[in-house]
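> Structure, please.
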Amino acid sequence: MKRITWTLSNGFATLLLVVGTLLALLTLITSFGTAISVDAMVTAAVLWLAGVVFLHPAPAKILLPIV
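The predicted structure follows:
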C-alpha cells in the first residue's frame, strides 16, 4: 500500500471530496428532483473530479480527454 504524504494539494483534494460528498448527500435528502438539485449534483460531480485530479496528478495528455 502506498503511503500518502500530506501536502497542500492532498489537503485541498480531501476538502473538495468531502464538500462534494456533503453537497450530494444534502441534495439527495432535501430537494431531490428539482432544478436546484440538478445544479447541486453537477457541482458535486465537478468537485469530485477536481478532488481526484488534485489527489492523483496525471499528465495533461491523459487528463484533458477525461475532463
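> Now the strand or helix carrying residue 50: buried residues?
Assigned by DSSP states H and E, residue 50 belongs to helix 35-55. Buried residues in helix 35-55, counted by 16 or more other C-beta atoms under 10 Å: 37, 40-41, 44, 47-48, 50-51, 53-54. C-beta: built from backbone N, CA, C; applies to glycine.
> ok, residue 24 - contacts?
Counting by C-beta atoms under 8 Å, 6 or more residues apart in numbering, residue 24 touches 40-41, 44.
> Dump these into TSV; add pLDDT as well.
Formatted as TSV, the contacts of residue 24 follow (pLDDT from 0 to 100):
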residue	pLDDT
40	86
41	88
44	91
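> Let me know the closest of those to residue 21.
residue 44 (7.4 Å; C-beta to C-beta).
> any idea how far the closest one lies from residue 61?
Look at residue 44 and residue 61: by C-beta to C-beta, to the nearest Å, they are 27 Å apart.
> Could you measure from residue 49 over to residue 3?
Shown here: residue 49 relative to residue 3, a distance of 25 Å by C-beta to C-beta.
> Any chance of the contacts of residue 24 in CSV with distance to residue 29 as columns?
Putting those into CSV (distance: C-beta to C-beta, whole Å) gives the following:
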residue, distance to residue 29
40, 11
41, 12
44, 13
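> shaky segments in the chain?
The model of the chain has pLDDT under 70 over residues 1-2, 4-5, 57-60, 62-67.
> Would you tell me which helix is longest in it?
Scanning the chain for the helix with the most residues, using DSSP state H, yields helix 8-30.
> Report the angle between it and helix 35-55.
Counting by axes from the mean of the first three to the mean of the last three C-alpha atoms, to 10 degrees, helix 8-30 lies at 160 degrees to helix 35-55.
> Pull out the buried positions in helix 8-30.
So helix 8-30, judged by 16+ other C-beta under 10 Å, has buried residues 13, 16-17, 20, 23-24, 27.
> residues contacting the residue positioned nearest the centre of the chain?
For the chain, the residue nearest the mean C-alpha position is residue 48 (1.3 Å; C-alpha atoms, centre = their mean). Residues counted as contacts of residue 48 (C-beta under 8 Å, 6+ apart) are 16-17, 20-21.
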